[in-house]
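Asks: Sequence first, then the predicted structure, then my questions.
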Amino acid sequence: MKLIKIFASLCLVCLMIQARAQETVTLGKVKLVFTLDNNGNPTYEVSFNNKPVILPSHLGFKLNTDSLFYNSFKLIGTARNKFDQTWQTVWGETKDIRNHYEELTVHLQSARKPGLMLNIIFRVFEDGVGFRYEFPLQPGLKYFIVTDELTEFNQTGNHKTFWIPGDYDTNEYLYTTSALSGIDNRKMVETSTDIAVRVAPDPYVVQTPLMMKTGEGIYINVHEAALINYPAMQLHVDRKSYSLSASLVPDAYGNKAYLHAPFKTPWRTIIVSDQAADILSSKMILNLNEPSVISNTSWIKPMKFTGVWWEMQTGKSTWSYSDFPDSLGSNGQLIPSGKHGATTANVKHYIDFAAANNIQGVLVEGWNLGWESWFGNWKEHVFDFTKPYPDFDIVELTNYAASKKVNLIMHNETSGSATDYERQMDTAFRFMNLFGYKSVKTGYVGKIIPRGEHHDGQWMIDHYLRVANKAAEHQIMLDSHEPVRPTGLQRTWPNWMASEAGRGNEYNAFSIGSPPEHETILPFTRLMGGPMDYTPGIFKMKGYASFAPGRQMHTTLCKQLALYVTMYSPLQMVADIPENYDAHKDAFQFIKDVPTDWDDTKIIGAEPGDYIYIARKEKGTPNWYLGAITDESSRHAVMPLSFLDKSTKYTAIVYRDAANADWKDNPEAYTIEQYIVDNQTSLNITLAPGGGAAVSIRPATETEIRNLKLYKNSK
């Protein structure tokens, strides 16, 4: 009897050991621990430099076929892999990217019938952790519905957080800085009446990328990578426990995702460091995306562009040809209002401006039929994407742009009617090919059709990729506005070059604008997943909006220059109207010079909500460009140039705020200076409140070395 009891006890111990399993992966300062507890609950935790970052957090799902697909698992196997490879970008902030990680895959099987299987794949990088779920091919799981994802990111404390509401249809809110315990999005959603469509039913949900800073000075960024055939992930905040949990954007039925095994979810990403600059330097999200599906990428070329856009935003002209859709003359045609912006003559003016100033493209909005009834009607068919207004001669403009070696950029606003765009999409892209358009800006202002779908739901996630695929088939570069926020898919579809998906410069035209700190937060949040078409380069700081005479920019002119470096985009707009650059032609030289593609990037200094200093090396040249911006506070920006070649003297042209500059009272005051610098130089530039500085650096000529002053480092 005693032997039987001993044997039974040993069996119980063995079962407990089998039930509780633990796996550890470490790379550099980052450590991941996966645990399957005694109840079969999978959990993970993350530490950085031996300090906890993510406390034990649950993983799993609720499915229509198994509402308890988050416990009663048993571990049936593991696999490990090491990877270290450097790949080259088609375009980007750096030419070469190292992809170095340790991978752990855990194979789980439910103890409940029919014994469904789930794999969890972890990749540990030197700057964080990415993980995803895999539903493998299996007899008991074919078509199924995700009713909820139960992923947690449990925090260690009441961290400082930079957040916007978790809205199903927009990312265009102002950022709030608060502790996790202070998150409540209701007031922000209620008062943001300048945003066209707002759907945020949970007051405690925030959008990703979510940027946090602990009391101990650890920076944490939570986002996702490779968002394909799945809804966007938002984060529900438990304000007492500081737990974050996945909150997926639903469809009209409340379901989250309709899937078919085998299937892999997007990656959940946690980037961590004790240096804010390391967060901006991280390439984890790109590395978690697949290589390019486009074999020949020679036609994909970054560029600057101008366009008939800011004059529409500020009331100088209109998108529409007529005042009303039913304002018809005796001939049955629309009666022109005389305020239309996309006229043949006006577009030629912009083409001439682009040709004279090293600007490769001209975007033309409001060129096609439909703008008289485009917004607010939830209308199925709004635009025709091949029929121009009578005053827009597409043949003449195509020939004129070609003669000036300028690319016209197509504009396809959908008014949220994705179904109508899909019906016309192939015809629209063939039309672009016919008239030599090499890029297109799409737009999704308004409620989505199919009705009941959301901008960030699974159906629209698939739609954006269908557009990117169709654009690639026709060798068209894509800049999408009002889409889901990026998740690194520009690696896989490098023709999908930029997105808006955030509160851009346009809000300074038709709305109250954004505070000076806004551009110091965006790189840590919205831009973590990919480039943003922020539309910098506004030079007229006051009196630019005809319908709001007192409106002004919340920035200095030099900060607008610096944004060309700090707000990365391979499609970068020269946003102001040509006439507004005439008054500051010397400062405009920086915009003419600054490129849009880079070999290298150095984050010199950064603190979310306060300041950012970035230097970038131009693709294929020895030239560097530096941008420094600050929030509402004046700041002394100290920027060592140790990244320069040791054996070379350089000419630095410094565009900085004047001593009396201020974003509110004197925003257009600036000073331009030239110096000789080298890799021992440390620039010390005073940034005005809401201000910035931009610096172009190129190898100096012998004449410049003899005649220019050597920059003296401050003691």
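Replies: Ah, there it is. Because the structure is a prediction, the values reported are computed rather than measured.
Asks: tell me which element Leu286 falls in.
Replies: Assessed by DSSP states H and E, Leu286 sits inside helix 284-287.
Asks: Let me see the mean pLDDT of that helix.
Replies: Model confidence over helix 284-287, given as mean pLDDT, is 98.
Asks: Could I get the CA-only coordinates of the next helix or strand after that helix as CSV?
Replies: Downstream of helix 284-287, the first helix or strand assigned by DSSP H and E is strand 303-308. Extracted C-alpha coordinates of strand 303-308, given in CSV (Å, rounded to 0.1, in the frame of the first residue of the first chain):
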residue,chain,number,x,y,z
MET,A,303,10.3,62.1,-54.4
LYS,A,304,9.2,65.5,-53.3
PHE,A,305,5.9,66.9,-54.6
THR,A,306,3.9,70.0,-54.5
GLY,A,307,0.2,70.4,-55.3
VAL,A,308,-3.1,72.2,-55.6
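Asks: Name the residues that touch the helix holding Leu286?
Replies: Residues from elsewhere that reach helix 284-287 (C-beta atoms under 8 Å, 6 or more residues apart in numbering): 92, 97, 99, 101, 125, 127-128, 130, 223, 225, 269, 271, 487-488, 490-491, 528-529. Quick note: C-beta positions are derived from backbone N, CA and C, even for glycine.
Asks: Restricted to strands, list those.
Replies: Ile97, Asn99, Tyr101, Phe125, Gly128, Gly130, His223, Ala225, Thr269, Ile271 (DSSP state E).
Asks: Quick one: residues contacting the second one.
Replies: If I follow you right, that is Asn99. Phe83, Asp84, Gln85, Thr86, Trp87, Lys283, Asn287 are the contacts of Asn99 under C-beta under 8 Å, 6+ apart.
Asks: and the third one, bridged to which residues?
Replies: Right, Gln85. Note on Gln85: beta-bridge partners by DSSP bridges are Asn99.
Asks: So what's the residue count around it?
Replies: Using other C-beta atoms under 10 Å, Gln85 is surrounded by 10 other residues.
Asks: ok, now how distant is it from Arg98?
Replies: Per C-beta to C-beta, to the nearest Å, Gln85 is found 8 Å from Arg98.
Asks: Flag every buried residue along stretch 420-437.
Replies: For stretch 420-437, a neighbour-count test (16 or more other C-beta atoms under 10 Å) marks Asp420, Tyr421, Gln424, Met425, Ala428, Phe429, Phe431, Met432, Phe435, Tyr437 as buried.
Asks: From what I see, the first one and Ile449 are in contact.
Replies: Right, Asp420. Yes: assessed by C-beta atoms under 8 Å, Asp420 is found in contact with Ile449 at 7.1 Å.
Asks: got any residues that touch both of those two?
Replies: Glu380.
Asks: Surely Val395 forms part of a strand?
Replies: No: Val395: not assigned to a strand; according to DSSP: H, G, I helix; E, B strand; the rest coil it is helix.
Asks: Tell me where the stretch 1-150 of the chain has helices.
Replies: 2-19 (DSSP state H, counting those that start in this stretch).
Asks: which residues in it form strands?
Replies: 21-27, 30-36, 42-48, 51-58, 61-63, 73-88, 96-110, 117-125, 128-135, 143-149 (DSSP state E, counting those that start in this stretch).
Asks: Packing partners of the first one?
Replies: I take that to be strand 21-27. Contacts defined by 3 or more C-beta pairs under 8 Å, 6 or more residues apart in numbering; DSSP states H and E place strand 21-27 against strand 30-36, strand 73-88, strand 96-110, strand 117-125.
Asks: swap in the last one?
Replies: Contacting strand 143-149 under the criterion 3+ C-beta pairs under 8 Å, 6+ apart are the following elements: strand 61-63, strand 243-248, strand 257-260.
Asks: what residues does the last one touch?
Replies: Same thing as strand 257-260. Phe135, Lys142, Tyr143, Phe144, Ile145, Val146, Asn229, Tyr230, Pro231, Leu248, Gln458.
Asks: Kindly report the same for the longest one.
Replies: If you take C-beta under 8 Å, 6+ apart as the criterion, strand 243-248 is touched by 57, 146, 148-155, 166, 202, 205, 210, 222, 230-238, 256-257, 268.
Asks: Run me through the strand neighbours of it, direction for each.
Replies: Going by DSSP bridges, the partners of strand 243-248 are strand 152-155 (antiparallel), strand 233-238 (antiparallel).
Asks: Compute the inter-axis angle for it and strand 143-149.
Replies: 150 degrees (axes from the mean of the first three to the mean of the last three C-alpha atoms, to 10 degrees).
Asks: Contacts only, for Tyr133.
Replies: Leu59, Phe61, Leu118, Asn119, Ile120, Ile121, Lys264, Thr265.
Asks: can you pull up the bridge partners for it?
Replies: Ile120.
Asks: same check, this time on Leu478
Replies: Here Leu478, judged by DSSP bridges, has bridge partners Val440, Trp496.
Asks: who touches it in this structure?
Replies: Per C-beta under 8 Å, 6+ apart, neighbours of Leu478: Ser439, Val440, Thr442, Val467, Ala468, Ala471, Trp493, Asn495, Trp496, Met497, Ala498.
Asks: How far does stretch 644-656 stretch from one end to the other?
Replies: End-to-end distance of stretch 644-656 (C-alpha to C-alpha, to the nearest Å): 21 Å.
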